[in-house]
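Chemist: got a sequence here, can you build the structure:
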Amino acid sequence: VQLVESGGGLVQAGGSLRLSCQATGLTFSNYAMGWFRQAPGKEREFVASISWSGDSTYYADSVKGRFTISRDNAKNTVYLQMSSLKPEDTAVYSCTTVQGPLQYPSPLHSWGQGTQVTVSS
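Modeler: Numbers count the residues shown, from 1 in each chain. All right, here's what the predicted structure looks like:
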C-alpha cells in the first residue's frame, strides 16, 4: 500500500488549501479514510474521516466548519479542503486507511510522507 499526499504549502491566515491523497496497492473503495496532522513537538492528531462510500464524515472540533473531507473512489483519492486557516493549523498532514468508528478511527495501513501546511499570521 502506498499513500501519496500533496497540495500543502505556505498560506496566510484566513486562506485556503486543498490537500490530496492518492492510494495505490489496495482496493480503495473498501476502506474508510482519515486525515491526521502532526505539529512540531506534538503528538499526531485526528483531523477528519470519511466512510468508504463517502456518505459519512466526521471532524475534530478544532476544524469543524472550516475543513471538508471528500473522496473520489474512481481516482483512488481522498481530499481535504481547508478554509479559514489559522496559524495553529500549521502541521504535516497525512492520510491513511482507518478502521473503527469514524469518530475514533484507528490507522490501519502505514503513513505516507505527508504534506507540510504552514499558515502565517
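
Chemist: so what's the residue nearest the centre of the chain closest to, chain neighbours aside?
Modeler: In the chain, the C-alpha closest to the average C-alpha coordinate belongs to Trp35, at a distance of 2.5 Å (CA atoms, centre = their mean). Excluding the flanking residues, the one nearest Trp35 by CB to CB, 6 or more residues apart in numbering is Val47, at 4.3 Å. (Each C-beta comes from the backbone N, C-alpha and C, glycine too.)

Chemist: now Val117
Modeler: Gly8 (4.7 Å).

Chemist: how about the residue nearest to the centre of the chain: which residues does it bridge to?
Modeler: Counting by DSSP bridges, Trp35 is bridged to Ala48, Cys95.

Chemist: and Glu5, by the same measure?
Modeler: With DSSP bridges applied, Glu5 shows beta-bridge pairing to Cys21.
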